[in-house]
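Chemist: Compute the structure for the input listed below.
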Amino acid sequence: MIDRYQYLLLMAACLVLTLPLELILGARVYREPRRLAVAVLPAVAVFLVWDVIAIERGHWTFSPQYTTGWLLPGGIPVEELVFFVVVPICGLLTYEAVRTLWPVRHA
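Modeler: Next up, the predicted model:
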């Protein structure tokens with residue numbers, strides 16, 4: 001039964017593990033939701049369209065064993081949407097945390 005939720009649990013773990021970057025290191029990603037949306041939503045849109053095309057053409061599928069079976073329009077598993085949102089957020093948190101720790105000095 002837990003197999004069906006592995007993908008979502010992994011995405012939740014990614015968010016939990018990167019949360020200290022926001023709370024402790026002050027990455028300020030969640031504190032600026034408008035900037036976060038501008039950074040993440042275009043990529044989400046592009047990859048969702050790409051997925052729909054790939055699914056329709058039969059280029060790839062998703063394992064029913066490791067997904068919940070909840071599908072978005074176009075046959076995209078909800079886990080795929082979550083992936084497209086979570087991974088960029090974790091990347092931004094990492095980038096901003098590093099930038100906070102090692103600011104660029106201009107000569």
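Chemist: Next one, pLDDT for the residue most central in space within the chain please.
Modeler: Nearest residue to the geometric centre of the chain (C-alpha atoms, centre = their mean): Val86, 2.0 Å. Looking at Val86, its pLDDT reads 97.
Chemist: what's the answer for Leu48, then?
Modeler: Note for Leu48: predicted pLDDT of 96.
Chemist: quick one on the thing from earlier: for the stretch of helix or strand the residue nearest to the centre of the chain belongs to, name the packing helices and strands.
Modeler: According to DSSP states H and E, Val86 maps onto helix 78-101. Under the contact definition 3 or more C-beta pairs under 8 Å, 6 or more residues apart in numbering; DSSP states H and E, helix 78-101 sits against helix 6-23, helix 33-57, strand 71-72. Using the backbone N, CA and C atoms, a C-beta is placed for each residue, glycine as well.
Chemist: got a list of contacts for it?
Modeler: Here helix 78-101 makes contact (C-beta atoms under 8 Å, 6 or more residues apart in numbering) with 7-8, 11, 14-15, 18, 21-22, 25-29, 36, 39-40, 43-44, 47-48, 51, 62, 67-68, 70-72.
Chemist: Likewise for stretch 70-77?
Modeler: Stretch 70-77 is contacted by residues 7, 48, 51-52, 55-56, 62, 67-69, 78, 80-81 when judged by C-beta under 8 Å, 6+ apart.
Chemist: Now render the residues you listed as CSV, adding distance to Cys90 and neighbour count.
Modeler: Converted to CSV, these look like this (distance: C-beta to C-beta, whole Å; neighbours: other C-beta atoms under 10 Å):
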residue, distance to Cys90, neighbour count
Tyr7, 15, 20
Leu48, 18, 17
Asp51, 19, 22
Val52, 24, 15
Ile55, 25, 18
Glu56, 29, 10
Phe62, 21, 17
Thr67, 20, 19
Thr68, 21, 13
Gly69, 25, 9
Val78, 18, 15
Glu80, 16, 20
Leu81, 15, 16
